[in-house]
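> just to be clear, the model below is a prediction. Sequence and coordinates:
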Amino acid sequence: MKQLFFLLLGLSLSSQAQLILPERERAKVVDEILKERFETLLPELMDRTGIDMWVLISREYNEDPVLKNMLPATWLNARRRTIILFYRDSKKNTIDKLAVARYNFGENIQSAWDKDKQPNQWQRLMELIEERNPKTIGLNYSEHFNIADGLDHTDFKEFMTYLPKKFQNKVVSAQPLATAWIETRTEREMALYSHLVNITHDIIAEAFSEKVITPGITTTTDVEWWMRDKVTQLGLETWFHPSVDIQRSQEVMGDHLYAFSNRPQENIILPGDLVHCDFGITYLRLNTDCQELVYILKPFETEAPEYLTQALAKGNLLQDLLTSNFKSGDSGNTILKNTLEQAKAEGLQPSVYTHPLGSYGHSSGPTIGMWDAQEGVPVNGDYPLYPNTVYAIELNTTVHIEAWQRDIRIMLEEAGFFGKDGFRYVSGRQTKLLTIPRTQNHLGE
């Protein structure tokens with residue numbers, strides 16, 4: 001009966017019966033993954049970054065983004081003031097996971113504070129620090145990496161007020177560790193990630209079909225809200241509002257912001273239009289981010305015009321050039337520079353603005369260009385590429401369409417994984433234009 005229930009949930013998707021778990025089963029998966037990450041991944045990351053003690057402090061409804069990512073599945077927020085302490089002894093190959101809280105932090109982190117014995121929460125934290133005598137104490141503050149800057153001013157002041165003077169020069173920014181925790185994926189998470197991307201592809205395929213779009217009637221705004229409703233119906237969430245925009249003949253190409261803020265709200269989709277979407281979902285504490293294209297066939301057309309097929313091929317070429325430059329240890333700025341040079345040598349007009357993807361939509365890790373910073377991104381772009389990380393391969397190339405007497409942008413985005421064996425797409429990418437009416441599959445590799 002339970003398996004049938006899961007199957008019925010999954011059958012609500014169009015092209016595949018994608019399994020979507022009920023909340024109780026999701027919680028089980030989330031907590032199992034957290035346990036593995038705490039016990040296996042975290043010691044490795046603490047050793048790599050040279051931080052032997054990591055202290056995370058949050059108050060209810062004002063959560064540190066990293067601590068929020070560590071919450072047990074049944075905790076939707078921190079409780080009162082929540083303090084977590086991790087201590088890594090690499091010589092003994094042990095890791096202490098302690099909560100300076102009145103109760104256990106789920107099943108993975110045990111409470112280390114008895115208020116009857118020590119009424120002051122800060123004093124109890126200092127006792128735990130004294131007992132372990134760490135070489136470094138990492139706190140989540142960072143000038144440039146927003147997700148690693150979750151410690152608020154009040155808690156920082158309180159911490160430093162109570163911290164004994166002999167430890168104060170051991171306090172360091174935990175940014176390298178916080179970034180590593182957020183960006184690094186486990187093998188099990190990557191198995192789940194393929195599932196998330198498949199769901200995302202299915203929703204786009206349904207949105208960009210005759211079921212949703214009737215040329216001459218349906219607007220771009222209609223499609224956006226259909227996507228939002230579809231996500232809600234499936235019991236999922238989206239981390240940003242979808243955008244849908246049109247490029248068509250005899251119109252001037254808008255700037256990059258056109259798709260988001262300057263286009264008409266009720267833009268009617270017509271035959272001959274090239275329609276683009278930007279869409280992502282959140283599920284099992286992972287996020288997707290995908291951009292695809294659909295061509296609306298004119299009467300008597302059975303496939304997209306060759307000039308649009310060739311334009312998409314140029315977008316795929318730019319993707320190939322970018323991902324061929326993914327090398328462990330290279331910075332985002334190095335990858336960007338090499339890609340743009342190679343793309344221009346191929347005669348492309350490229351723009352690359354690829355970002356880390358995972359625990360957050362715009363996640364932690366190396367920034368590989370921004371649409372308004374093609375010369376490189378200071379600091380965040382200097383961060384190196386590490387294995388077992390995921391990226392939204394987001395970019396565009398400008399292509400002149402003589403038949404339309406204008407330039408267009410081929411805007412693409414797809415989840416890609418960089419691991420010990422190099423780069424791969426998490427679950428394919430668009431290599432053929434979708435069409436309405438539908439004539440062929442559009443995903444490859």
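Sure thing, it's come through. Owing to the predicted nature of the structure, the values given are computational and were not obtained by experimental measurement.
> report pLDDT for the residue most central in space within the chain.
The geometric centre of the chain, computed from its C-alpha atoms, lies nearest to residue 357 (C-alpha atoms, centre = their mean), at 2.6 Å. For residue 357, the model assigns a pLDDT of 98.
> separation between it and residue 392?
Residue 357 is 4 Å from residue 392, where distance means C-beta to C-beta, to the nearest Å. Quick note: C-beta positions are derived from backbone N, CA and C, even for glycine.
> shared neighbours, these two?
Between them, residue 357 and residue 392 have 289, 415 as joint contacts when contacts are counted by C-beta atoms under 8 Å, 6 or more residues apart in numbering.
> one step back: the residue nearest to the centre of the chain: what's it in contact with?
287, 288, 289, 363, 390, 391, 392, 415.
> equivalent analysis for residue 159, please.
When contacts are counted by C-beta under 8 Å, 6+ apart, residue 159 touches 55, 57, 122, 125, 139.
> what number of residues lie near the residue nearest to the third one when sequence neighbours are not counted?
Right, residue 122. The shortest distance from residue 122 to any residue that is not its chain neighbour, by C-beta to C-beta, 6 or more residues apart in numbering, is 4.3 Å, and that residue is residue 162. Neighbouring residues of residue 162 were enumerated by other C-beta atoms under 10 Å; the total is 14.
> before we move on, back to that, tell me the one among the contacts of residue 357 nearest to residue 93.
Looking at those and their distance to residue 93, the nearest is residue 390, at 28.3 Å (C-beta to C-beta).
> how far off centre is the strand or helix carrying the closest one?
Assigned by DSSP states H and E, residue 390 belongs to strand 389-401. A distance of 16 Å separates the C-alpha centroid of strand 389-401 from that of its chain, computed with C-alpha atoms, centre = their mean, to the nearest Å.
> show me what it is packed up against.
Using 3 or more C-beta pairs under 8 Å, 6 or more residues apart in numbering; DSSP states H and E as the contact criterion, the secondary-structure elements in contact with strand 389-401 are helix 306-324, strand 350-352, strand 355-356, strand 406-419.
> nearest to residue 129, out of these?
Nearest to residue 129 among the helices and strands packed on strand 389-401 is strand 355-356; the distance by C-beta to C-beta comes to 31.5 Å.
> can you give me the strands in the stretch 201-350 of the chain?
Residue ranges of the strands in the stretch 201-350 of the chain, as given by DSSP state E, counting those that start in this stretch, are 243-247, 274-279, 282-283, 286-287, 290-296, 350-352.
> ok, back up a step: got the angle between the strand holding residue 390 and strand 290-296?
30 degrees (axes from the mean of the first three to the mean of the last three C-alpha atoms, to 10 degrees).
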